[in-house]
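A.B. asks: Okay, predicted coordinates and the sequence, questions at the end:
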Amino acid sequence: MTSVGSADFIRILPELVLSGFALLVMMLEPVTPAGKKTVLGWVSVVGVILAGLAAAAIAFFPGSAFSASISNDGYSVYLIELLLLIALLTLLGSMAYLERDAIDHGEYYALILMATAGGAFMVASTELIMVFIGLEISSISTYILAGYKRGELQSNESSVKYFLLGSFATAFFLYGIAFVYGLTGTTNLDVIRETLVNSPSSANPQLLWLAVILMFVGLAFKVSTAPFQIWTPDVYQGAPAPVTAYLSTAPKAAAFAVLVRLLIGSFGHVASAGPLIFWLLWISAVLTMCLGNLAALWQSNVKRLLAYSSIAHAGYILVGVTAGGAEGTSSVLFYLGGYALMNVGAFILVAHLAGADERRTDVEDFTGLAADRPGMAACLTVFMLSLAGFPSTVGFFAKFYVFRAAMHAHLTGLTVIALLNSVVSVYYYLRLVVAMYMGEGKTQVNEASIPRALGFAIAVSLIGIFFLGLFPSGLLSDLTSLHVPWL
């Protein structure tokens, strides 16, 4: 039995910091006076910042931990930092919202921290059991967050749907792990790859296909890809908008990280599984893009519109996963970073504009916003244009690099379908922009000034969108040169 040393704990320092601050917040909750719970939000922000510093520090200590179940490589460090950025923006965008709706409690902040810790374990794990544990930590936290407004029927419905369907999806993933263990005698991803590549005849191809399909189903639910996306609009609409901002980005990034490790890293090198993985990803990408974009065309509620938009973006990311290789992987990582900035920013701004209890979330409610609050309208317009993929925003280069990777992988048909879907998406993003700038009448949304914490989060998102939209090559070159052992 391998002994556990200090190096093992150093390599999971970000997760330890997040877990420790989650416990600290829960201990401070009973002694924090009512009306002062925002202090716990700031404690959580400090925890996320310290976890980010820890993640930067462990980059100088590459290697594995806990009997090679955790890998501290460039791939995992980047994704952990991305999850922490999402958590930071969500926390900053949540404090005024929770206080306004009188649901400001410490458990909210603790759940965000624990969900992020679970996601961090997922992206760093090279052991399927550890992936499952991280998935459960993240999932349980987000199930509760989805129904955080306990007094609202829609929020309760959102949580129940997410919990029931999520539990089924997790069961599929666990069954897939069981089949993999039966075929290879291990759950370590590196050993699985070596076993299947060096001794391909030792694994029954049909059972291997079944294992891959089962694990794909479990992860496809988390990333909202067709045909497992049906839960997304209802859950995103029913959950508090800052929670939706988190749900649409952090769990999705973590699940895509695992999907890439599995399908490109481990099973992608297996000749018998290659064609199945390719067509599984290709078909799912096409269905996801088409269903997400076509359904979004008919939405009148902004949260549902962004929910279907989130489904469509999952399809674009799948295009990069289908391309595979170093270029496909780096394009996926770049896309996940850009998508997080624009989607979190859009949702937390909508949360503010929707007013108390989110009464104003229809597109019509935003009519004339530019005349009354030009600054807010401009910010929301930037988020919409970036999601649509307009030049000079990160959304443009995110799509460009994914499509370029697909073309270099000779996926011409898939690239053409993705481009056509991107053109279709412009219509529903511009619907909201047209309502704000060209609609007649007085806006019905919340006209209160933006709180400082929320304003800072929106500013960070906007700066990131334009910086990566104007100077994308720096980050992309860093992502391309990441140490990814299984490529």
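C.D. replies: Looks like it arrived, so ask away.
A.B. asks: Mind giving me the packing neighbours of the helix or strand hosting A117?
C.D. replies: With elements delineated by DSSP states H and E, A117 resides in helix 106-124, which encompasses its position. Other helices and strands packing on helix 106-124, by 3 or more C-beta pairs under 8 Å, 6 or more residues apart in numbering; DSSP states H and E, are helix 13-28, helix 38-58, strand 70-72, helix 74-100, helix 128-146, helix 250-260. Heads up, the C-betas are built off the backbone N, CA and C, glycines and all.
A.B. asks: among the ones you listed, where is the model least confident on average?
C.D. replies: Ranked by mean pLDDT, these bottom out at strand 70-72, which scores a mean of 86.
A.B. asks: distance between that strand and the chain's centre?
C.D. replies: For strand 70-72, the distance from its own C-alpha centre to the chain's C-alpha centre is 20 Å (C-alpha atoms, centre = their mean, to the nearest Å).
A.B. asks: cool, stretch 185-205 as well?
C.D. replies: The offset between the C-alpha centroid of stretch 185-205 and the centroid of the whole chain comes to 30 Å, using C-alpha atoms, centre = their mean.
A.B. asks: Using PDB, write down the CA coordinates of that stretch.
C.D. replies: Below are the C-alpha coordinates for stretch 185-205, written out as PDB (Å, rounded to 0.1, in the frame of the first residue of the first chain):
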ATOM      1  CA  GLY A 185      -9.200  -4.800 -14.000                       C
ATOM      2  CA  THR A 186      -8.500  -1.200 -13.200                       C
ATOM      3  CA  THR A 187     -10.200   2.200 -13.000                       C
ATOM      4  CA  ASN A 188      -7.000   4.300 -13.500                       C
ATOM      5  CA  LEU A 189      -7.300   6.100 -16.900                       C
ATOM      6  CA  ASP A 190      -3.600   5.800 -17.700                       C
ATOM      7  CA  VAL A 191      -3.600   2.000 -17.000                       C
ATOM      8  CA  ILE A 192      -6.800   1.600 -18.900                       C
ATOM      9  CA  ARG A 193      -5.300   3.300 -22.000                       C
ATOM     10  CA  GLU A 194      -2.100   1.100 -21.800                       C
ATOM     11  CA  THR A 195      -4.100  -2.100 -21.300                       C
ATOM     12  CA  LEU A 196      -6.500  -1.500 -24.200                       C
ATOM     13  CA  VAL A 197      -3.800  -0.200 -26.600                       C
ATOM     14  CA  ASN A 198      -1.200  -2.900 -25.800                       C
ATOM     15  CA  SER A 199      -3.600  -5.800 -25.500                       C
ATOM     16  CA  PRO A 200      -6.600  -4.900 -27.600                       C
ATOM     17  CA  SER A 201      -7.800  -8.500 -27.900                       C
ATOM     18  CA  SER A 202      -8.200  -8.800 -24.100                       C
ATOM     19  CA  ALA A 203     -11.300  -6.600 -24.200                       C
ATOM     20  CA  ASN A 204     -14.600  -7.600 -25.700                       C
ATOM     21  CA  PRO A 205     -15.400  -4.800 -28.300                       C
END
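A.B. asks: what about A371, neighbour count?
C.D. replies: Counted with other C-beta atoms under 10 Å, residues neighbouring A371 total 15.
A.B. asks: Would you mind finding the most buried of the helices and strands packed on helix 106-124?
C.D. replies: With neighbours defined by mean count of other C-beta atoms under 10 Å, none of the helices and strands packed on helix 106-124 is more surrounded on average than helix 250-260, at a mean of 27.
A.B. asks: what helices or strands is that one leaning on?
C.D. replies: If contacts are counted by 3+ C-beta pairs under 8 Å, 6+ apart, helix 250-260 sits against helix 74-100, helix 106-124, helix 128-146, helix 205-223, helix 302-323, helix 325-353.
A.B. asks: Name the SS class of V445, please.
C.D. replies: Taking DSSP: H, G, I helix; E, B strand; the rest coil as the rule, one finds V445 in the coil state.
A.B. asks: out of everything not next to it in sequence, what's closest to it?
C.D. replies: In this structure, V445 finds its nearest non-sequential neighbour in L353, 4.1 Å apart by C-beta to C-beta, 6 or more residues apart in numbering.
A.B. asks: Okay, and S64 sits in which element?
C.D. replies: strand 63-65.
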